[in-house]
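S.K.: Pasting a predicted model and its sequence here:
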Amino acid sequence: MRNLFFIIAVMSAAVVSAETLDRPTGIKIGQRMTLRPYVSASATFDSNVGGRHSGSNSDVMWTISPVLALDYRADNWSVLLDGFYNYHAYCKGENVNNHNQHSYGETLRWNWSDSQGASKGWTLMLSESYQRITMSDDIIQPGGRGYTADRDQLTVQGAIQRRFNEHFHGDVNASYYYLNYDNDKSGSTSALYGWQRWQVGIEAGYAPSPWTDFLVAGGYQGYRQDNTSMSSLGDNSHGFTVQGGLGSYMTERISYRALAGWSQFRYGGTGGSSDNGFVYTLSGSWKIGETWNMMLLGTSYYQPSERELSSRSRVDAVSWGLAKSLVRGKLRATLDLTYRHETHERVGKDSSRDYDLDVATCRLGLNYTLNRFFSLFCYGEYQRSWNSESERANGFYDYDRWRATVGVRLSY
């Protein structure tokens, strides 16, 4: 009967995640600061908790998520700080380390600018984010990959932009990323491998009109992977990317950014090998009407493989989303489609162990706001993973998975 309840929930409605719900009014502190506390409680039925082609069972997970966000806005700068905590309780817990798991994290963003619109001036942006993510995540959630393993993620980013006049602008950016999985790195088939990545980049643009911006961008990335004790290859990898394209606005309702170019990636230090190819970065949003919004994102890049020892991978990912407001803005419906293709290539080993991996996810959802204090949400998600039948993969990543969630959120 419990499973039937969740099946009905998916068929009748579905939802946006807590991150995309409409923000409450919050608690005003003075003229510049706003606190936004809220807590959500939900239940999720998962048909394939372990994300496996066999041997994984269904389960029901209960989640409680308190969140506190702070928003401070001055004349030409702003600070956004939020922290979250998720408590996950499984009914059976057969495919997790224990019945109860915890996720938590925080994000800090600071922006400063003395330039308004296309006027001359400087803009400085800094951000930092730390997340301790439990294995119950998915590829749509921020930082999610669907790899079903607990991990730590730390990201630090900064960019400074100079707008010389209404036509010319340029920026310099840098970032650091740390990824660490909690599992045995002994080289077994279940091992996952994290890394540290640092990168620097530069971008220049010329806008002949408010509707068109010609862009040129380049960047360098360096990696240090954590699987060197099991590999004869070095732990250092590096790569560079050069792209060019267009940005800005097609109309007042459509904004876009489309870059394409070339990337080269060398894996495993001096004992490794290099790969290169065409890469792209796409983003766009379209405000179709007063109640319709659509967004498209796409990217491709090279990196060390997180799944395979002594292996590099290329990732191509694209996502599309549609949102519709109903019932005078109280009801919000969303549809998300996400697709990711990974090419895993062994370095210095038998190439017959190479394989491709594809993951596709569809999520449909609803969120209904009763008042500023109380809202209801539910969503249904279907995920399909498949790979080329190689010696290494042997169908191990072939599986179907669907989840249904219903919940409530209390805001102040």
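M.R.: Perfect, thanks for sending it. All values derive from a computational prediction rather than experimental measurement. Numbering: from 1, shown residues only.
S.K.: how about the strands of the stretch 201-350 of the chain, start to end?
M.R.: Taking DSSP state E, counting those that start in this stretch as the criterion, the stretch 201-350 of the chain carries its strands at 212-225, 236-249, 254-267, 273-286, 292-304, 311-326, 331-346.
S.K.: could these be laid out in TSV, adding distance to Arg403, mean neighbour count and mean pLDDT?
M.R.: For every residue, glycine as well, the C-beta is placed using N, CA and C. Conversion of those to TSV gives the following (distance: least, Cβ to Cβ, whole Å; neighbours: other Cβ atoms under 10 Å; pLDDT from 0 to 100):
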stretch	distance to Arg403	mean neighbour count	mean pLDDT
strand 212-225	31	18	94
strand 236-249	35	18	91
strand 254-267	32	18	94
strand 273-286	27	16	93
strand 292-304	22	18	94
strand 311-326	18	18	93
strand 331-346	13	19	92
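S.K.: okay, those in a markdown table with distance to Trp198 next?
M.R.: A markdown table is the format used below for these (distance: least, Cβ to Cβ, whole Å):
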| stretch | distance to Trp198 |
| --- | --- |
| strand 212-225 | 5 |
| strand 236-249 | 10 |
| strand 254-267 | 15 |
| strand 273-286 | 19 |
| strand 292-304 | 13 |
| strand 311-326 | 18 |
| strand 331-346 | 23 |
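S.K.: Nearest to Ala89 among these would be which one?
M.R.: strand 331-346 (25.9 Å; Cβ to Cβ).
S.K.: Report the inter-axis angle for the closest one versus strand 292-304.
M.R.: Going by axes from the mean of the first three to the mean of the last three Cα atoms, to 10 degrees, strand 331-346 is angled at 20 degrees with respect to strand 292-304.
S.K.: Give me the sheet partners of strand 331-346 and which way each runs.
M.R.: Strands adjacent to strand 331-346 in the sheet, as given by DSSP bridges, are strand 311-326 (antiparallel), strand 355-371 (antiparallel).
S.K.: And those strands: which comes nearest Gln157?
M.R.: Go through those one by one with Cβ to Cβ and the one that ends up closest to Gln157 is strand 311-326, at 19.1 Å.
S.K.: Now do that closest one against strand 236-249, angle only.
M.R.: What separates the directions of strand 311-326 and strand 236-249 is an angle of 30 degrees, with the same axes, to 10 degrees.
S.K.: Report the angle between strand 311-326 and strand 254-267.
M.R.: For strand 311-326 against strand 254-267, the angle by the same axes, to 10 degrees is 160 degrees.
S.K.: re earlier: out of the strands paired with strand 331-346, the one nearest Ser255 is which?
M.R.: Relative to Ser255, the nearest member of those by Cβ to Cβ is strand 311-326, separated by 14.7 Å.
S.K.: got the CA coordinates for that closest one in PDB?
M.R.: Coordinates of each C-alpha in strand 311-326 appear next as PDB, following Å, rounded to 0.1, in the frame of the first residue of the first chain:
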ATOM      1  CA  SER A 311      41.700   6.300 -17.200                       C
ATOM      2  CA  ARG A 312      40.600   9.600 -18.600                       C
ATOM      3  CA  SER A 313      37.100  10.600 -19.700                       C
ATOM      4  CA  ARG A 314      35.400  13.100 -21.900                       C
ATOM      5  CA  VAL A 315      32.000  14.400 -20.700                       C
ATOM      6  CA  ASP A 316      29.200  15.900 -22.900                       C
ATOM      7  CA  ALA A 317      26.100  17.100 -21.000                       C
ATOM      8  CA  VAL A 318      23.000  18.900 -22.000                       C
ATOM      9  CA  SER A 319      19.900  19.900 -19.900                       C
ATOM     10  CA  TRP A 320      16.600  21.600 -20.800                       C
ATOM     11  CA  GLY A 321      14.000  22.900 -18.500                       C
ATOM     12  CA  LEU A 322      10.500  24.400 -18.700                       C
ATOM     13  CA  ALA A 323       8.600  26.200 -16.000                       C
ATOM     14  CA  LYS A 324       5.000  27.300 -15.900                       C
ATOM     15  CA  SER A 325       3.100  29.400 -13.300                       C
ATOM     16  CA  LEU A 326      -0.500  28.600 -12.700                       C
END
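S.K.: now the angle from that strand to strand 212-225?
M.R.: Inter-element angle recorded for strand 311-326 and strand 212-225: 130 degrees (by the same axes, to 10 degrees).
S.K.: thinking again about what came up before, in JSON lines: the strands paired with strand 331-346, plus distance to Ala260.
M.R.: Rendered in JSON lines, the data for the strands paired with strand 331-346 read as follows (distance: least, Cβ to Cβ, whole Å):
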{"stretch": "strand 311-326", "distance to Ala260": "13"}
{"stretch": "strand 355-371", "distance to Ala260": "22"}
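S.K.: Looks like Ser325 contacts Thr334 (just checking).
M.R.: No: under the criterion of Cβ atoms under 8 Å, Ser325 makes no contact with Thr334, lying 10.2 Å away.
S.K.: what ranges of the stretch 51-200 of the chain fall below the confidence cut-off?
M.R.: Counting by pLDDT under 70, the ranges of the stretch 51-200 of the chain that qualify are 52, 54-56, 93-100, 117-118, 135-148, 183-191.
S.K.: the helices in it, which residues?
M.R.: Assigned by DSSP state H, counting those that start in this stretch, the helices in the stretch 51-200 of the chain number zero.
S.K.: got the end-to-end distance for stretch 87-102?
M.R.: With Cα to Cα, to the nearest Å as the measure, the first residue of stretch 87-102 is 5 Å from its last.
S.K.: Ser375 pairs with what?
M.R.: In this entry, Ser375 is beta-bridged to Thr369, Arg409, by DSSP bridges.
S.K.: Next, count neighbours for Leu376.
M.R.: The number of residues packed near Leu376 is 16, by other Cβ atoms under 10 Å.
S.K.: Tell me the pLDDT of the residue nearest to it when sequence neighbours are not counted.
M.R.: Nearest-residue entry for Leu376: Tyr368, 4.8 Å, with adjacent residues in sequence omitted and distances by Cβ to Cβ, 6 or more residues apart in numbering. Reading off the confidence values, Tyr368 has pLDDT 95.
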